[in-house]
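> sharing a sequence plus its predicted fold:
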Amino acid sequence: TEAQLRQSQKMEAVGRLAGGVAHDFNNLLTVIRGYSELILTRLAPTDPMHREMEEVKKAADRAAGLTGQLLAFSRRQFVSAKVVDLNAVIMNMDGMLRRLLGEDIIELCADLDQQLGSIKADPGQIEQVIMNLAVNARDAMPTGGRLTIETRNVTIGKGPRRETMVLEEGSYVLLAVRDTGHGMNEETQSHLFEPFFTTKEKGKGTGLGLSTVYGIVKQSGGTIGVESKQGRGTTFKIFFPRVDEAAQRADVGTGAAGHARG
Ligand code: ADP
């Protein structure tokens, strides 16, 4: 639709701008980090300035982390794409997710489709996507709740569609991350994927989590959407093009090669 096209053009422009700024900042930060390290080696650990210099170095390191995330958002090419078993990635993260979510949030990875097709992506990046979505889900459920991770094969054909998102005909692997948190209003939903957009209090959010997710999903040729109801919860849905043979057989005759637009 026109609105979606406008949104994707906007994200592209934001991505280019963010990428340029991040790149220049990274160069400057390299200088700051390098010199603060050098100064630290020249200061006696008992010198009161040693502690202060350490703070400078720590802040510069953190800034470098942020610009790294921004670069990931704006980069277009694959980092190291390979055929990935999404279920395996999710199951590997189980321990980490449990620690992240704490005792009050039940984490359910039970809805993993055992016949799930393959996707082509960078497994490390897919982990980052799931981590970022899980962190947001946790923050939306301060008094506890339920996080569900679901995977499923989805084929979009010519007929009526169950999915509300606009997808080209073809075979997809769906990754859905659902929480029972506070949800979000329309205004928040419309800015969600923009870098530095956050509703979290100062120091808690960077506003880079979802823009990073968006960048990674795009790099994998996928499409992301969100469904949210205030007071009820939020579901993020990511459709990756399916790359295995079964998907190619299913696509014969439809003319769709399993590529998502978005
Ligand atoms: P950050 O988490 O640093 O604020 P994000 O880009 O990850 O940055 O998220 C942007 C904003 O989107 C959040 O501040 C929050 O308002 C909203 N948001 C993201 N995920 C959820 C969720 N699962 N439930 C409710 N709101 C969410």
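Received it, and whenever you're ready, just let me know what you need. Residues are numbered from 1 along each chain as shown.

> surely Tyr56 and Ile32 touch.
Tyr isn't right for residue 56; it's Val. Yes: if you go by CB atoms under 8 Å, Val56 and Ile32 touch, sitting 7.4 Å apart. For every residue, glycine as well, the C-beta is placed using N, CA and C.

> would you map the helices across the stretch 51-200 of the chain?
All helices of the stretch 51-200 of the chain, identified by DSSP state H, counting those that start in this stretch, fall at 86-92, 94-101, 123-139, 186-191.

> counting by contacts, list what the second one packs against.
Helix 94-101 makes packing contacts with strand 105-112, helix 123-139 when contacts are defined by 3 or more CB pairs under 8 Å, 6 or more residues apart in numbering; DSSP states H and E.

> give me the element the spatially closest residue to Gln125 that is not a sequence neighbour is part of.
Leaving aside its sequence neighbours, Gln125 sits nearest to Ile216 (CB to CB, 6 or more residues apart in numbering; 4.6 Å). Using DSSP states H and E, Ile216 sits within helix 209-219.

> can you name the next helix or strand after that helix?
Taking DSSP H and E, what comes next after helix 209-219 is strand 223-229.

> in its sheet, which strands sit next to that next one, and in what direction?
Strand pairing for strand 223-229, using DSSP bridges, gives strand 233-241 (antiparallel).

> close to the ligand, is the partner strand?
Yes: Strand 233-241 is in contact with the ligand by CB under 6 Å from any ligand atom, via Thr234.

> how far does that strand sit from its chain's centre?
Centroid separation for strand 233-241 versus its chain: 11 Å, with CA atoms, centre = their mean, to the nearest Å.

> would you mind listing what in the stretch 1-150 of the chain touches the ligand?
Near the ligand, when you scan the stretch 1-150 of the chain using CB under 6 Å from any ligand atom, you find Asn132, Asn136, Ala137, Ala140.

> what do you get if the cut-off is 5 Å, keeping everything else the same?
When proximity is defined as CB under 5 Å from any ligand atom, the stretch 1-150 of the chain approaches the ligand at Asn136, Ala137, Ala140.

> top of these by neighbour count?
Within these, most neighbours by other CB atoms under 10 Å means Ala137, with 28 neighbours.

> can you report how many residues neighbour the spatially closest residue to that one that is not a sequence neighbour?
Closest residue to Ala137 apart from its sequence neighbours, by CB to CB, 6+ apart: Asp179 at 3.7 Å. By the criterion of other CB under 10 Å, Asp179 has 25 neighbours.

> distance of the closest residue to the ligand within the chain relative to Lys200?
In the chain, the residue that lies nearest the ligand is Gly209 (2.4 Å; CB to the nearest ligand atom). Gly209 sits 10 Å away from Lys200, going by CB to CB, to the nearest Å.

> more neighbours: those two, which one.
Gly209 (24 against 12).

> tell me who's in contact with the more buried one.
Shown in contact with Gly209 (CB atoms under 8 Å, 6 or more residues apart in numbering): Asn132, Val135, Asn136.
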